[in-house]
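1. below are the sequence and a predicted model for it; my questions follow.
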Amino acid sequence: MISYADPADKTPLQLKEQQYVSATGKGYEVKNNIPRFVTGGNYADSFGFQWNTFTRTQLDSQNGNDISEKRLLEFLGSHLQELKGKNVLEVGCGAGRFTEILLKYGAHVHATDLSKAVEANYRNFQGREHYQVAQADLYGIPYPFESFDLVLCIGVVQHTRDPHESISTLYKYVKPGGVLAYDQYLLTPFYFTKPVMPVRYFLKNMKPEKALTAVNKMAEIFFPMQWRFRNNRIMTFMLNRISPLYNYFNKFPQMSREEHYELTRLDTFDGLTDYYKHLTTVNKTKKYLRKYQFQQLEVKKGGNGVEVIAVK
């Protein structure tokens, strides 16, 4: 495993009495067995609340599905099969739906998240070999530059203050010959016509607890109707024009009603409370990434939007 480094100057840190301390005496607290390289609240607080509420909802080992593994396999392709013994930096680890798969394939996982989601991640994987987790900002990752065989960042870049700055920062931690893999929500002509837009304006400014209460109320109203008519294309189209809920009835037909209800609550909260939501297109992404002169570059639509696999 790669040792922690000061986010500011990348000098080595030493663990001393529940603190990681730099040569200059600067200390970073270890709280509840997790190193903390950020202090206080931040724009990702809703994500921390979210993943500590839905701690195991998306774990394949919990729900008996293989949705997360398939998603990662479709994203990484053969790179996933080659992870055994490789150092992986997972930025924006959340509760660990992909942490679990990376560990399953034998990767040495260095998980980070800006929010208190790290506590859910730690609860799910504490004691696992080749695993460590830290609360840290993407712009202040506590590791040396060019240290990782894979830097993985799924479902995060669009939620940061500046996606281009985020990508530039992630690039610095990939070793030569290593892989940068990230995604970003896709901009479509219909995005801003969705019924979620006015609802999101109010929910993202609420305290997470109140926002979840609002999401639960909406789920009580709309979910039974959407579930009842899930196989009726006309009714589904009409309900989707008025309902702010996120659902995946057709995408995951193997899931039970209860599993869909839980996933709907989770993803609706996720989609309506994020502070930043920066969208992109395949062409815009390709144009931006040209400056890095990657050995190999693949940019495509997939998953939740635009997916990038780049070899440094």
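-> Looks like it came in fine. Numbers count the residues shown, from 1 in each chain.
2. which stretches in this protein count as strands?
-> Using DSSP state E, the strands of the chain run over residues 14-15, 19-21, 27-31, 34-35, 87-91, 108-113, 131-135, 148-153, 174-185, 296-302, 305-311.
3. deepest-packed of these, please.
-> strand 108-113 (a mean of 27; mean count of other C-beta atoms under 10 Å). (Glycine included, C-beta is placed from N, CA and C.)
4. show the contacting residues for the nearest residue to Gly27 once chain neighbours are set aside.
-> Distances taken as C-beta to C-beta, 6 or more residues apart in numbering put Gln19 closest to Gly27, at 4.1 Å, once the chain neighbours are dropped. Gln19 makes contacts with Gly27, Tyr28, Glu29, Val30, as judged by C-beta atoms under 8 Å, 6 or more residues apart in numbering.
5. OK, contacts around Ile141?
-> So Ile141 contacts Pro7, Leu89, Val91, Thr112, Thr169, Tyr173 (C-beta under 8 Å, 6+ apart).
6. the fourth one touches Gly94, doesn't it?
-> I take that to be Thr112. No: using C-beta atoms under 8 Å, Thr112 is not in contact with Gly94; the gap is 10.7 Å.
7. one step back: relative to Leu152, how far out is the residue nearest to Gly27?
-> To Leu152, Gln19 is 28 Å away according to C-beta to C-beta, to the nearest Å.
8. also Phe229?
-> Per C-beta to C-beta, Phe229 is found 38 Å from Leu152.
9. ok, now Gly303?
-> Taking C-beta to C-beta, one finds Gly303 at 12 Å from Leu152.
10. skipping adjacent residues, who's closest to Thr273 in space?
-> Ser46 is the one closest to Thr273 (C-beta to C-beta, 6+ apart), at 4.2 Å.
11. surely the one you found is in contact with Tyr276?
-> No: the pair Ser46 / Tyr276 is not scored as a contact, 11.3 Å apart, by C-beta under 8 Å.
12. the more surrounded of the two?
-> Shown here are Ser46 and Tyr276; by other C-beta atoms under 10 Å, Ser46 has more neighbours (24 against 14).
13. give the contact list for Tyr292.
-> Contact analysis of Tyr292 by C-beta under 8 Å, 6+ apart lists Tyr171, Ala310, Lys312.
14. spit out the contact partners of the last one.
-> Taking C-beta under 8 Å, 6+ apart as the criterion, Lys312 is in contact with Tyr171, Val174, Lys175, Pro176, Gly177, Gly178, Val179, Leu180, Tyr292, Phe294, Gln295.
15. chain neighbours aside, what residue packs nearest to Lys86?
-> Asp149 (4.0 Å).
16. any idea how far the one you found is from Asn232?
-> Using C-beta to C-beta, one obtains 48 Å as the distance from Asp149 to Asn232.
17. and what of Tyr173?
-> For Tyr173, the distance to Asn232 - C-beta to C-beta - is 48 Å.
18. ok, back up a step: quick one, what contacts the residue nearest to Lys86?
-> Going by C-beta under 8 Å, 6+ apart, Asp149 touches Leu83, Lys86, Asn87, Val88, Lys175, Gly178, Val179.
19. got it, and Thr264?
-> Taking C-beta under 8 Å, 6+ apart, we find Thr264 in contact with Ala219, Phe223, Leu245, Tyr246, Asn247, Tyr248.
20. so which of these comes closest to Asp66?
-> Using C-beta to C-beta, Tyr248 is the member of these that lies nearest Asp66, at 14.8 Å.
21. contact partners for the closest one?
-> By C-beta under 8 Å, 6+ apart, the residues touching Tyr248 are Met255, His260, Leu263, Thr264, Asp267.
22. run a quick neighbour tally on the last one.
-> Translated: Asp267. Counted with other C-beta under 10 Å, Asp267 comes out at 19.
23. distance of it relative to Asn121?
-> The gap separating Asp267 from Asn121 is 19 Å, by C-beta to C-beta.
24. residue ranges of each domain in this protein, please.
-> Following automatic domain parsing, the chain resolves into domains at 38-186+280-311, 191-273.
25. the last one - what's its average pLDDT?
-> Going back to what we said before, that points to domain 191-273. For domain 191-273, the mean per-residue pLDDT is 93.
26. now it: how far from the chain's centre is it?
-> 20 Å (C-alpha atoms, centre = their mean, to the nearest Å).
27. what about the helices in the stretch 201-312 of the chain?
-> Using DSSP state H, counting those that start in this stretch, the helices of the stretch 201-312 of the chain run over residues 208-228, 233-242, 257-273, 282-289.
28. oh, that last question was meant for the stretch 51-200 of the chain, not what I typed.
-> Using DSSP H, counting those that start in this stretch, helices in the stretch 51-200 of the chain cover 60-63, 67-76, 78-81, 97-104, 117-125, 163-172, 196-203.
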